[in-house]
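Enquirer: Sharing a model prediction with you, sequence too.
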Amino acid sequence: MNWQALSKHINTLLSEKNLPAIQILTAHAIQGGDTHQAYQLHTPDKNYFLKCAPKHHLPILQAEHHNLTAIQNSYTITCPTPYVTGADNSTAWLLMEFISLTQQGDDAQRGRDLAFMHHQIHSNSQPFGWFEDNFIGQNRQSNQWSNDWVQFYGQHRLQPQLEMSQLNGAPKSLYQKGIQLIERLPFWFQTYQPKASLLHGDLWSGNSAFNSEGEPVFFDPACYYGDRETDLAMSELFGGFSQQFYSGYQEIFPLDSGYPNRKKLYQLYHILNHFNLFGGAYLQQAEQYIQQLLQDSTDTQ
């Protein structure tokens, strides 16, 4: 990494935003994620977090910048402040606030904070979606505005993942049964009409922690406006959160009684995405979920 050239580039962009320049004294690699390298930058004033990735991932980092800004503008949950995003000939990067993280904190407050963000309701004529496509992992997430949540979830969440699965070696039967499931989606919404809440969009335990004061912090979002149950459903995958988290959430924004019936429907999107990203046992899990959901919609008709 040519830190001198990078520093010059960052300061040019900071100046365009009327933000103070930084002077990088030292930098060291820290744990980041599966698709990028992360650095802690030390300056005379404070530390910064720099996320780097191959240049073709610049749209992913730009979308993350926009998502973090939207969350900050909701004044509900704490996330790192994004500053500038850019790229040189080979590397894309996102400069943001450095927050020292720990796994120890008030998990009930974390649930309450999420509930407050979900109270941010988008109420125009086409409330479901986002102003741009963004990314769930490295996979593009389609966010075309819609006034119909059931249609949005079928066409912009499940169907793209099903189509992608065919390029990644899934059997044709997965796609065929998945399309059957999309056709039956209205079954789960006969008495439930979700509102368009501001969502984190990629809410698993690895994308939230606590600061040094024990206050909740959320990061790596894939925001859009949709049914808040999708965030809760994903939060129960891949390790999940504590019961205190869910109790705190329920204090502020109790879930509809039908949530347990829709939970697997919403988890399926992320299981399909994990198959498309990582392969392996996620294929069998997706097949099992689809079969169970089809059975559920048949048994009660």
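Expert: It's in.
Enquirer: Please name every helix or strand in contact with the strand or helix carrying Ala27.
Expert: Using DSSP states H and E, Ala27 maps to strand 26-30. In terms of contact count using 3 or more CB pairs under 8 Å, 6 or more residues apart in numbering; DSSP states H and E, strand 26-30 is assigned the packing partners strand 37-42. Quick note: C-beta positions are derived from backbone N, CA and C, even for glycine.
Enquirer: Show me which positions of the strand it packs on end up buried.
Expert: Gln37, Ala38, Tyr39, Leu41, His42 (16 or more other CB atoms under 10 Å).
Enquirer: Now it: average pLDDT?
Expert: Average pLDDT, strand 37-42: 93.
Enquirer: Any idea how far whichever helix or strand comes after that strand is from the middle of the chain?
Expert: Scanning forward in sequence from strand 37-42, with DSSP H and E defining helices and strands, the next element found is strand 47-54. Average the C-alpha atoms of strand 47-54, do the same for its chain, and the two points are 18 Å apart (CA atoms, centre = their mean, to the nearest Å).
Enquirer: From the rest of the structure, what touches strand 47-54?
Expert: In this structure, residues lying in contact with strand 47-54 by CB atoms under 8 Å, 6 or more residues apart in numbering are 1, 22, 27, 32-33, 35-41, 60-61, 64, 80, 83, 90-99.
Enquirer: quick one, that strand and strand 26-30 angle?
Expert: Per axes from the mean of the first three to the mean of the last three CA atoms, to 10 degrees, the angle that strand 47-54 makes with strand 26-30 is 60 degrees.
Enquirer: so what's the backbone phi/psi at Phe278?
Expert: phi -120, psi -20 (degrees, to the nearest 10).
Enquirer: Could you pull up the residues touching it?
Expert: Residues counted as contacts of Phe278 (CB under 8 Å, 6+ apart): none.
Enquirer: what ranges do the strands span in the stretch 201-301 of the chain?
Expert: Taking DSSP state E, counting those that start in this stretch to define them, one finds strands in the stretch 201-301 of the chain at 208-210, 216-218, 224-226.
Enquirer: in stretch 234-242, what counts as buried?
Expert: If you call a residue buried by 16+ other CB under 10 Å, then stretch 234-242 has these buried ones: Met234, Ser235, Glu236, Leu237, Phe241.
Enquirer: was I right about the second one contacting Phe241?
Expert: Yes: when contacts are counted by CB atoms under 8 Å, Ser235 is listed as touching Phe241 (5.4 Å).
Enquirer: residue closest to the middle of this protein?
Expert: Among the residues of the chain, the one closest to the centroid is Asp202, at 2.5 Å (CA atoms, centre = their mean).
Enquirer: Now do that one, the pLDDT please.
Expert: The score at Asp202 is 97. That number is its pLDDT.
Enquirer: ditto for the one 3 residues further on
Expert: pLDDT, Ser205: 91.
Enquirer: Could you find the closest non-adjacent residue to it?
Expert: Of all residues not flanking Ser205 in the chain, Gly239 sits nearest, at 4.5 Å (CB to CB, 6 or more residues apart in numbering).
Enquirer: ok, the one you found - contacts?
Expert: Residues touching Gly239, when contacts are defined by CB under 8 Å, 6+ apart, comprise Trp204, Ser205, Gly206.
Enquirer: again with His270
Expert: With CB under 8 Å, 6+ apart as the criterion, the residues that contact His270 are Ile136, Trp204, Met234, Leu237.
Enquirer: what's the span of stretch 123-133 from first residue to last?
Expert: 19 Å (CA to CA, to the nearest Å).
Enquirer: Just the buried residues of that stretch, please?
Expert: In stretch 123-133, residues buried by neighbour count (16+ other CB under 10 Å) are Pro127, Phe128, Gly129, Trp130.
Enquirer: Hmm, the third one is touching Trp145, no?
Expert: Read that as Gly129. Yes: counting by CB under 8 Å, Gly129 does reach Trp145; the two are 4.0 Å apart.
Enquirer: So for Ser235 and Phe241, which residues contact both of them?
Expert: The contact sets of Ser235 and Phe241 overlap at Ser205 (CB under 8 Å, 6+ apart).
Enquirer: Kind regards, and thank you for your time.
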